[in-house]
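Visitor: how does the following fold in three dimensions:
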Amino acid sequence: MIERTAKRIAVSCVKNNVIQKEQEGVCAYGMELLIATMCSTVAILGAGLILHRFWYTIFLLVPFYHIRMYAGGIHAETYAKCILSFTVGFLMILLGTEYLIRAGFQDGLMLYSLMSFLVIWLVSPIEDHSRPLSVDEQTGYKKKARISAFGYESMVQAIYYIWKSVEALYAASAVSAVALVLILGIVKNKRIGYRPAHICRK
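Guide: Numbering: from 1, shown residues only. Reported below is the predicted structural model:
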């Protein structure tokens, strides 16, 4: 469904002279990623709203998306698996963070976030065979991942230790979630081998 919708949009762009014919494939692929991301985001925000944790969901989503955009990490092999795994995983992080806060593990969350920041700094970007990067992209993404991770980590650490903000703890968990995605990406690449290719369509 996502592929068909993206294809229709790309064909429409060609017919309306928005893009050239030779750009149709790239446009369609970009639209696939955009639609999949929108579906995942709507699912997460909807779940956060239903669970009465909408703002905590925002504090998780924004840093996660911003850092992971450049840091990379593991990707599912199909869009359906991507949306499902992302939604389930994010809800586990959201509820897990709440549980740890109630258990009095706030300082532990902040320490784990700091360690996660170091992981992001050292290993990003992590390619997945569905997201190949050129040499120039590798260099650029590494710099951007480090800057964004440093910015968020510095901010959440300062806000938490100055104001003891609960929201900062959720943002800290977002940094930790990115590090986890990177580690899973490394494990996946070692297990199946890195093979540059577009995302599988099943």
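
Visitor: low-confidence ranges in this protein?
Guide: Filtered on pLDDT under 70, the chain yields the residue ranges 130-131, 193-202.

Visitor: distance between the ends of stretch 73-85?
Guide: By C-alpha to C-alpha, to the nearest Å, the extent of stretch 73-85 from end to end equals 14 Å.

Visitor: ok, now stretch 41-57?
Guide: 10 Å.

Visitor: what separates it from the chain centre, distance-wise?
Guide: Centroid displacement of stretch 41-57 relative to its chain, using C-alpha atoms, centre = their mean, to the nearest Å, is 16 Å.

Visitor: how many neighbours does residue 101 have?
Guide: 16 (other C-beta atoms under 10 Å). From N, CA and C alone the C-beta is placed, and that goes for glycine too.

Visitor: okay, it and residue 52: tell me how far apart.
Guide: Per C-beta to C-beta, to the nearest Å, residue 101 is found 15 Å from residue 52.

Visitor: pretty sure residue 116 contacts residue 174?
Guide: No - using C-beta atoms under 8 Å, residue 116 makes no contact with residue 174, being 9.5 Å away.

Visitor: next SSE after the strand or helix carrying residue 67?
Guide: Mapping residue 67 onto the secondary structure by DSSP states H and E places it in helix 54-71. The helix or strand immediately downstream of helix 54-71 is helix 79-102, counting by DSSP H and E.
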